[in-house]
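1. the sequence and its predicted three-dimensional model are supplied below.
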Amino acid sequence: MPNVSGKVVLITGAARGIGAQTARELAGRGARVALTGLEPEVLRELAAELGEGHFWAEADVTDPESVQRAVDAAAEALGGIDAVVANAGVAPLGTVRQHDPQSFVKTVDVNLNGVFHTLRASLPHLVERRGYALVVSSLSAFAPIGGMAAYTASKAGAEALASAVQSEVRHLGVGVGSAHPSWIDTDLVRDVSKDLGTFQEMRKRLPWPMRATTSVQECGKAIADGVQHRSRRVYVPRSIKLVHWLRNLPTSRLVERLMAPTTARFIPRAEREVAALGRSFSERNDKLQK
């Protein structure tokens, strides 16, 4: 897909952040975009911003019937689907020791099961067009960090799912890739930083390039490039590729020993902050999940 002009790209979690900026970038390149997510008013406004020829639908990626309806409606309205960006995701607050079990399950349901439901619903359309799917995973998939166990587990699962599906549909002419953003300046990251002072401090102590922050505009461009070039991997920023090549290093005994004083100091503080908040997600995501 060297040129996305005239192609139909469906994006989950398109109301804000990476999803919304990717939609803007792709629309600017001439693609027709199908926006899906949990905030209909925001999706409607974004579709209007993008101009004529786009589509939006409310969809909950944890509900396979909801996803199927949105995918089929988009295909009918826009004449098919050439590419899908499985972007919807959440990040809970806290450690495994203090997690509300429902928040852990919800995170896996959105970040992993939601990808499955999205791919399953869209694959018939992608097979018809010999299209492409990009699963938005994370740096966290191969660089686990304390206090992010649910997010890390779900994003590692999403990466593995993308790789497995790639092997299943390659002979059908369908490409599947995974994107691995580091810290992106989105509502999600800003909300967590606002809730937890230790979150920001911990990020500053991470080794380069794991501590890098990228603008949402740069991330949207990188993901749009990935769709356009049917990339197997998308790294945001590109230096994250180094972490992927050295993916066993973050969990090595050496790094564990180097980070031990930091984690011993910050994890208990983070646990106390989460306990004081009295909720498992950022305020915005907490409302969306109810």
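-> On my side now, so go ahead.

2. and the helices in the stretch 51-200 of the chain?
-> Remark: helices assigned in the stretch 51-200 of the chain by DSSP state H, counting those that start in this stretch are 64-78, 101-108, 114-129, 149-169, 187-195, 197-205.

3. low-confidence ranges, the stretch 151-290 of the chain, go.
-> Scanning the stretch 151-290 of the chain for pLDDT under 70 picks out 186-212, 245-256, 258-260, 262-267, 269-271, 273-274, 277-290.

4. the strands in it, which residues?
-> Taking DSSP state E, counting those that start in this stretch as the test, the strands found in the stretch 151-290 of the chain are 175-181, 183-184, 213-214, 233-236.

5. who does the third one touch, helix- and strand-wise?
-> When contacts are defined as 3 or more C-beta pairs under 8 Å, 6 or more residues apart in numbering; DSSP states H and E, strand 213-214 sits against strand 183-184. Backbone N, C-alpha and C define where each C-beta goes, glycine included.

6. in its sheet, what does the strand it packs on sit against?
-> strand 213-214 (parallel) (DSSP bridges).

7. what does the strand it pairs with contact?
-> With C-beta atoms under 8 Å, 6 or more residues apart in numbering as the test, strand 213-214 has contacts from 181-185, 203, 236-237.

8. give me that answer again for 6 Å
-> 183-184, 236-237 (C-beta atoms under 6 Å, 6 or more residues apart in numbering).

9. out of those residues, who's the most crowded?
-> In terms of neighbour count, residue 236 stands highest of the contacts of strand 213-214 at 26 neighbours, by other C-beta atoms under 10 Å.

10. that residue contacts residue 217, doesn't it?
-> No. In this structure, residue 236 is not within contact of residue 217 by C-beta atoms under 6 Å, at 11.2 Å.

11. about what we covered before: closest to residue 18 among the contacts of strand 213-214?
-> For the contacts of strand 213-214, the residue nearest residue 18 by C-beta to C-beta is residue 184; the value is 6.1 Å.

12. enumerate every residue touching the closest one.
-> When contacts are counted by C-beta under 6 Å, 6+ apart, residue 184 touches 214, 216, 219.

13. what's the closest of the contacts of strand 213-214 to residue 128?
-> Of all the contacts of strand 213-214, residue 128 sits closest to residue 236, with 29.8 Å by C-beta to C-beta.

14. now that closest one: closest residue in space that isn't a chain neighbour?
-> Distances taken as C-beta to C-beta, 6 or more residues apart in numbering place residue 181 nearest to residue 236, at 4.1 Å, with adjacent residues excluded.

15. please identify the deepest-packed of the strands of the stretch 151-290 of the chain.
-> Across the strands of the stretch 151-290 of the chain, the average number of neighbours (mean count of other C-beta atoms under 10 Å) peaks for strand 175-181, which reaches a mean of 25.

16. quick one: it to helix 114-129, angle?
-> Relative orientation of strand 175-181 versus helix 114-129 (axes from the mean of the first three to the mean of the last three C-alpha atoms, to 10 degrees): 140 degrees.

17. which elements pack onto strand 175-181?
-> On a contact count with 3 or more C-beta pairs under 6 Å, 6 or more residues apart in numbering; DSSP states H and E, strand 175-181 meets strand 132-136, helix 149-169, strand 233-236.

18. what about 7 Å?
-> Where contact means 3 or more C-beta pairs under 7 Å, 6 or more residues apart in numbering; DSSP states H and E, strand 175-181 is packed against strand 132-136, helix 149-169, helix 216-229, strand 233-236.

19. and the ones you listed: which comes nearest residue 107?
-> Closest to residue 107 of the helices and strands packed on strand 175-181 is helix 149-169 (C-beta to C-beta; 4.1 Å).

20. in that closest one, what counts as buried?
-> Within helix 149-169, the residues scored as buried using 16 or more other C-beta atoms under 10 Å are 149-159, 161-163, 165-166, 169.

21. now the helix or strand where residue 26 lies and strand 175-181, what's the angle there?
-> Using DSSP states H and E, residue 26 sits in helix 17-28. Per the same axes, to 10 degrees, the angle that helix 17-28 makes with strand 175-181 is 130 degrees.

22. how far away from the center of its chain is helix 17-28?
-> 13 Å (C-alpha atoms, centre = their mean, to the nearest Å).

23. kindly report the same for stretch 44-51.
-> 21 Å.

24. who touches it?
-> Applying C-beta atoms under 7 Å, 6 or more residues apart in numbering, the contact partners of stretch 44-51 are 14-15, 20, 23-24, 27, 33, 35, 54, 56.

25. same question, stretch 232-243
-> Under C-beta under 7 Å, 6+ apart, the answer for stretch 232-243 is 134, 139, 142-143, 177-182, 184, 209-210, 212, 214, 219, 222-223, 226, 244.
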